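Asker: Turn this into a structure:
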Amino acid sequence: MNNRYLAAITNTAVPGGSTPADSPKQFAVTIATLWQTIILVGGLAFLLYFLRGGLGWIMAGGDKGKLEEAKGHITQGLVGLAILAASYVIIKFIETAIGMNLLNITWPTAG
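Answerer: Numbers count the residues shown, from 1 in each chain. Below you'll find the predicted structure:
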């Protein structure tokens, strides 16, 4: 295939480069962006679940079933938050072990 045609292929939806040679960087940036999006959505889900559990606890009015359900929502929210925090700690541990910033990847270039 002629390189002239490859140079014309760009994907503006994927950040990190505009040539086929930049595809490893595009993949890394896409994975980092995906992880950050999952963390953001997970944090919002934690807040909503925790708020739902807190309001359920307040509104339980002494009903044991509603109180247990509210406790369950609070517990599930905290477990989700712990998983999000653990994923961040694991990423930072891997970064330290390999000496590379995984969430802001810079690739070495010649020249």
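Asker: can I assume F50 is in contact with Q76?
Answerer: No - contact criterion Cβ atoms under 8 Å: F50 and Q76 do not qualify, at 9.1 Å. All C-beta atoms are positioned from the backbone trio N, CA, C, and that covers glycine.
Asker: residues shared between the contacts of the two?
Answerer: Common contacts of F50 and Q76 (Cβ atoms under 8 Å, 6 or more residues apart in numbering): none found.
Asker: which stretches of this structure have low pLDDT?
Answerer: 1-25, 105-111 (pLDDT under 70).
Asker: ranges for the helices of it?
Answerer: 3-7, 23-59, 64-98 (DSSP state H).
Asker: Next, the angle helix 64-98 makes with the longest one.
Answerer: By that I understand helix 23-59. Counting by axes from the mean of the first three to the mean of the last three Cα atoms, to 10 degrees, helix 23-59 lies at 150 degrees to helix 64-98.
Asker: What are the buried residues along helix 23-59?
Answerer: 25-26, 28-29, 32, 46, 49-50, 52-53, 56 (16 or more other Cβ atoms under 10 Å).
Asker: The last one too?
Answerer: Of the residues in helix 64-98, those scored as buried under the neighbour-count criterion (16+ other Cβ under 10 Å) are 69-70, 73-74, 76-77, 80-81, 84, 91.
Asker: Closest to G42 out of these?
Answerer: Closest to G42 out of those is L84 (4.8 Å), distances taken as Cβ to Cβ.
Asker: tell me the contacts of the closest one?
Answerer: 39, 42-43, 46.
Asker: Can you give me the distance of G54 to N104?
Answerer: Per Cβ to Cβ, to the nearest Å, G54 is found 35 Å from N104.
Asker: T37 now?
Answerer: For T37 relative to N104 (Cβ to Cβ), the value is 15 Å.
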